[in-house]
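Colleague: The following comprises the amino acid sequence and a computationally predicted model.
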Amino acid sequence: MAAKDEPEWQRIRARLYAPPREERRAAASAGRAGGGRVGMTRAQAAALLGQVAAEDAKAGGGGG
């Protein structure tokens, strides 16, 4: 299976590295709220870092 041009190579590569069909079906049926984004926003991350810093300061951790 040799690619003759760049678009064909990209199609072959996409098919080769795609997740297994079962995994794709499970993700599609789950509905993925939020457009498939996983994790937290920058604001949530900043809030979490603030909480960790506050707990660290209470515990006496200097961080230096």
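Modeller: Right, received. Where do you want to start? Numbers count the residues shown, from 1 in each chain.
Colleague: ranges for the helices of this protein?
Modeller: For the chain, the helices defined by DSSP state H cover 6-17, 21-30, 42-59.
Colleague: Run a quick neighbour tally on residue 18.
Modeller: If you count neighbours by other Cβ atoms under 10 Å, residue 18 ends up with 10. (Glycine included, C-beta is placed from N, CA and C.)
Colleague: surely it meets residue 27?
Modeller: No: using Cβ atoms under 8 Å, residue 18 makes no contact with residue 27, being 11.8 Å away.
Colleague: I'd like the helices of the chain written out as a markdown table, with mean neighbour count added.
Modeller: Shown next, in a markdown table, are those (neighbours: other Cβ atoms under 10 Å):
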| stretch | mean neighbour count |
| --- | --- |
| helix 6-17 | 10 |
| helix 21-30 | 10 |
| helix 42-59 | 10 |
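Colleague: can you put those helices in TSV and add mean pLDDT?
Modeller: As requested, the helices of the chain are exported to TSV (pLDDT from 0 to 100):
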stretch	mean pLDDT
helix 6-17	90
helix 21-30	76
helix 42-59	93
